[in-house]
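Undergrad: Compute the structure for the input listed below.
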Amino acid sequence: QVQLVESGGGLVQAGVSLRLSCVFSGRTFSDYNMGWFRQAPGKEREFVAAISWSGGSTYYAASVKDKFTISRDNAKNTVYLQMNSLKPEDTAVYYCAADWVPTSAQAMDVAASYDYWGQGTQVSVSS
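TA: Numbers count the residues shown, from 1 in each chain. Have a look, this model is predicted:
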(Lines give C-alpha, C1' and ligand atoms only; values in the text may rest on other atoms or scores of the structure.)
Protein backbone atom coordinates (compact mmCIF):
# COMPACT_ATOMS: atom_id res chain seq x y z
CA GLN A 1 0.00 0.00 0.00
CA VAL A 2 1.31 3.43 -0.92
CA GLN A 3 1.94 5.88 1.89
CA LEU A 4 2.59 9.58 1.42
CA VAL A 5 3.91 11.76 4.23
CA GLU A 6 4.11 15.52 3.77
CA SER A 7 6.27 17.87 5.79
CA GLY A 8 7.64 21.38 5.69
CA GLY A 9 4.55 23.43 6.38
CA GLY A 10 4.32 26.12 9.00
CA LEU A 11 3.34 29.66 9.92
CA VAL A 12 5.31 32.26 8.00
CA GLN A 13 5.12 35.90 7.06
CA ALA A 14 4.23 37.07 3.59
CA GLY A 15 7.13 37.20 1.19
CA VAL A 16 9.14 34.30 2.55
CA SER A 17 9.73 30.89 1.03
CA LEU A 18 8.92 27.38 2.14
CA ARG A 19 9.78 23.99 0.71
CA LEU A 20 7.32 21.17 1.19
CA SER A 21 8.44 17.55 0.96
CA CYS A 22 6.43 14.40 0.42
CA VAL A 23 8.01 11.03 1.05
CA PHE A 24 6.55 8.09 -0.87
CA SER A 25 6.72 4.47 0.29
CA GLY A 26 5.15 1.11 -0.41
CA ARG A 27 5.56 0.84 -4.19
CA THR A 28 7.99 1.91 -6.92
CA PHE A 29 8.05 5.69 -6.84
CA SER A 30 9.01 6.08 -10.49
CA ASP A 31 5.78 4.29 -11.50
CA TYR A 32 3.80 7.31 -10.32
CA ASN A 33 3.08 10.80 -11.50
CA MET A 34 2.92 13.10 -8.50
CA GLY A 35 0.84 16.14 -7.71
CA TRP A 36 0.32 18.81 -5.09
CA PHE A 37 -3.12 20.13 -4.25
CA ARG A 38 -4.29 22.56 -1.59
CA GLN A 39 -7.46 23.30 0.28
CA ALA A 40 -8.15 26.59 2.00
CA PRO A 41 -10.80 26.92 4.72
CA GLY A 42 -14.27 26.89 3.21
CA LYS A 43 -12.98 26.22 -0.30
CA GLU A 44 -12.72 23.25 -2.63
CA ARG A 45 -9.47 21.37 -3.01
CA GLU A 46 -7.55 22.86 -5.92
CA PHE A 47 -4.67 21.78 -8.11
CA VAL A 48 -1.29 23.40 -7.48
CA ALA A 49 1.35 21.50 -9.45
CA ALA A 50 2.17 18.09 -10.92
CA ILE A 51 5.20 16.27 -12.23
CA SER A 52 5.48 13.25 -14.46
CA TRP A 53 7.04 9.98 -13.31
CA SER A 54 10.41 10.85 -14.87
CA GLY A 55 10.37 14.48 -13.86
CA GLY A 56 10.45 15.44 -17.50
CA SER A 57 7.12 17.25 -17.51
CA THR A 58 5.68 19.68 -15.00
CA TYR A 59 2.33 21.43 -14.77
CA TYR A 60 1.21 24.40 -12.68
CA ALA A 61 -1.95 26.21 -11.77
CA ALA A 62 -1.97 29.70 -13.22
CA SER A 63 -2.06 31.17 -9.70
CA VAL A 64 1.31 29.68 -8.75
CA LYS A 65 3.17 29.51 -12.04
CA ASP A 66 6.55 31.29 -11.82
CA LYS A 67 6.23 31.33 -8.04
CA PHE A 68 6.16 27.64 -7.10
CA THR A 69 8.39 24.86 -8.42
CA ILE A 70 7.68 21.15 -8.26
CA SER A 71 10.52 18.65 -8.43
CA ARG A 72 11.22 15.05 -7.56
CA ASP A 73 14.13 12.87 -6.56
CA ASN A 74 13.41 9.30 -7.58
CA ALA A 75 16.44 8.05 -5.66
CA LYS A 76 14.96 9.49 -2.46
CA ASN A 77 11.31 8.66 -3.22
CA THR A 78 10.48 12.30 -2.56
CA VAL A 79 8.58 15.04 -4.33
CA TYR A 80 9.10 18.69 -3.41
CA LEU A 81 7.19 21.92 -3.74
CA GLN A 82 9.33 25.04 -3.50
CA MET A 83 7.08 27.98 -2.70
CA ASN A 84 8.45 31.49 -3.07
CA SER A 85 6.98 34.92 -2.36
CA LEU A 86 4.22 33.47 -0.27
CA LYS A 87 1.03 35.46 0.17
CA PRO A 88 -1.84 35.16 2.65
CA GLU A 89 -3.96 33.67 -0.14
CA ASP A 90 -1.55 30.72 -0.26
CA THR A 91 -2.76 29.71 3.19
CA ALA A 92 -4.14 26.17 2.96
CA VAL A 93 -3.56 22.55 3.78
CA TYR A 94 -1.25 21.19 1.11
CA TYR A 95 -1.64 17.58 0.00
CA CYS A 96 0.57 15.45 -2.16
CA ALA A 97 -0.95 12.74 -4.31
CA ALA A 98 0.24 9.81 -6.43
CA ASP A 99 -1.16 8.67 -9.77
CA TRP A 100 -0.17 5.19 -10.97
CA VAL A 101 1.06 5.65 -14.53
CA PRO A 102 -0.30 2.40 -16.08
CA THR A 103 -3.87 3.39 -15.24
CA SER A 104 -3.51 7.14 -15.58
CA ALA A 105 -6.38 8.33 -17.75
CA GLN A 106 -7.14 11.88 -16.79
CA ALA A 107 -5.25 15.13 -16.84
CA MET A 108 -2.74 15.63 -14.06
CA ASP A 109 -4.56 18.70 -12.77
CA VAL A 110 -7.63 16.62 -11.94
CA ALA A 111 -7.87 15.28 -8.40
CA ALA A 112 -9.74 12.19 -9.57
CA SER A 113 -6.63 11.13 -11.49
CA TYR A 114 -4.81 10.35 -8.27
CA ASP A 115 -4.90 7.04 -6.49
CA TYR A 116 -3.28 7.90 -3.17
CA TRP A 117 -3.22 10.98 -0.96
CA GLY A 118 -1.21 12.15 2.00
CA GLN A 119 -2.64 13.60 5.19
CA GLY A 120 -1.61 17.13 4.34
CA THR A 121 0.60 19.81 5.84
CA GLN A 122 -0.66 23.20 6.95
CA VAL A 123 0.80 26.34 5.42
CA SER A 124 -0.29 29.61 7.01
CA VAL A 125 0.92 32.93 5.65
CA SER A 126 0.39 36.09 7.69
CA SER A 127 0.35 39.57 6.21
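
Undergrad: Which positions in stretch 104-118 come out as buried?
TA: Buried residues in stretch 104-118, defined by neighbour count with 16 or more other Cβ atoms under 10 Å: S104, M108, D109, S113, Y114, Y116, W117, G118. For every residue, glycine as well, the C-beta is placed using N, CA and C.

Undergrad: correction: stretch 54-63
TA: By 16+ other Cβ under 10 Å, the buried positions in stretch 54-63 come out as Y59, Y60, A61.

Undergrad: got the end-to-end distance for that stretch?
TA: End-to-end distance for stretch 54-63: 24 Å, by Cα to Cα, to the nearest Å.

Undergrad: Likewise for stretch 27-44?
TA: Stretch 27-44 has an end-to-end distance of 29 Å (Cα to Cα).

Undergrad: Quick check: buried residues in that stretch?
TA: By 16+ other Cβ under 10 Å, the buried positions in stretch 27-44 come out as R27, F29, Y32, N33, M34, G35, W36, F37, R38.

Undergrad: Equivalent analysis for stretch 73-80, please.
TA: N77, T78, V79, Y80.

Undergrad: Next, the residues that contact that stretch from outside, please.
TA: In this structure, residues lying in contact with stretch 73-80 by Cβ atoms under 8 Å, 6 or more residues apart in numbering are 19-25, 29-30, 34, 36, 51, 55, 69-72, 96.

Undergrad: mind checking how far stretch 101-114 is from the chain centre?
TA: Here the centre of mass of C-alpha atoms in stretch 101-114, compared against the chain's by Cα atoms, centre = their mean, to the nearest Å, lies 14 Å away.
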